[in-house]
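[1] Mind looking at a prediction? Sequence and model below.
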Amino acid sequence: MERLLVLKLDAQDCEAEARLNGIPLARVNSARPTAIVPVHEYTLAGTNRLELVLWPRASNAPEQPVEPPLPLVANGRAAAHARILLPRVGNVVEEASARTLGQLDWALPAGQAYEAPLTLSADVTLPVSFPRWRWMDAPLAAVTPVLLQQALAFVQRLATDLAAGETDSFIAAARLRTEELAVAYQRQPADETQRLREHMLALHAAKSLVWEPLVIEGFALRSLAGGRLLECLDASGLAALRTLPDELGQTLSFPLRLTSVEGKLYVLR
């Protein structure tokens, strides 16, 4: 692979989130002003929708009411930029040395009023020839109490098995995602499966898989891609499958984006 399609998000004096085809891929703020993520597995052949959200809200549980827009006044310093770039593998990811395939920019003069969250969007044509990813045709799913309980049990089982050093259920649950990621980055699915298993076993051996407790009151499903994917989150909007902080305060997160097909859950991203 000579080139790697990436999303680069920058923000100054504000918080911003970048989405591609309805899927949030990066969030930045003053403490972490830049993020770069590969995006092969989220792209469509032809037209793609790029979005830049200023002051995005945390992902709250579906039953919580939507808060009204927040009136703000620009300070003249806040700015955000989202770029889809095509750099050569091994090169520094920056606009000067990569082909820019799409972009969104935001900045307002001091004193101008606006409401947050504020979303900008643009259609971007990408020269990709990936197969059609499964999540694009996943059935639409409404978040119901039954589905929420099923998803919670699904994540709890994965956490219990991984904490015991049993990787088979996680490998099986993530099989479709692993296969498609291998295709997206020109790797072999069997190699990626083995790499994933070895990684999880190494984390277990290092006693790194002590999970945050999960209860229904602190669990939510965030609808993505128009309802074709459901992201498992806790009450703070972070990945539900997440370890407790270690002695250095560091955690490990395992984002899970599911689809429900005929009553069964699959990890697609």
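    Everything's here; your move.

[2] Give me the helices and strands touching the helix or strand where Leu72 lies, please.
    Using DSSP states H and E, Leu72 sits in strand 70-73. When contacts are defined as 3 or more C-beta pairs under 8 Å, 6 or more residues apart in numbering; DSSP states H and E, strand 70-73 sits against strand 113-116. Using the backbone N, CA and C atoms, a C-beta is placed for each residue, glycine as well.

[3] The strand it packs on: which residues count as buried?
    The neighbour-count check on strand 113-116 (16 or more other C-beta atoms under 10 Å) flags Ala116 as buried.

[4] Mind giving me the packing neighbours of that strand?
    Helices and strands touching strand 113-116, by 3+ C-beta pairs under 8 Å, 6+ apart, are strand 70-73.

[5] Same question for the strand holding Leu72: list its buried residues.
    By neighbour count on 16+ other C-beta under 10 Å, the buried set for strand 70-73 is Leu72.

[6] Would you list the strands that the helix or strand just after that strand pairs with, along with their directions?
    Per DSSP H and E, the first helix or strand lying C-terminal to strand 70-73 is strand 79-86. Pairing partners of strand 79-86, with direction, according to DSSP bridges: strand 6-12 (antiparallel), strand 99-107 (antiparallel).

[7] Redo the ones you listed as CSV? Include distance to Arg242 and mean neighbour count.
    Formatted as CSV, those follow (distance: least, C-beta to C-beta, whole Å; neighbours: other C-beta atoms under 10 Å):
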stretch, distance to Arg242, mean neighbour count
strand 6-12, 22, 21
strand 99-107, 30, 16
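
[8] Which one of these lies nearest to Leu201?
    strand 6-12 (29.7 Å; C-beta to C-beta).

[9] after the closest one, next one along is what?
    Counting by DSSP H and E, what follows strand 6-12 is strand 16-20.

[10] Present the strands paired with strand 79-86 as TSV; the columns should include mean pLDDT.
    Shown next, in TSV, are the strands paired with strand 79-86 (pLDDT from 0 to 100):
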stretch	mean pLDDT
strand 6-12	97
strand 99-107	95
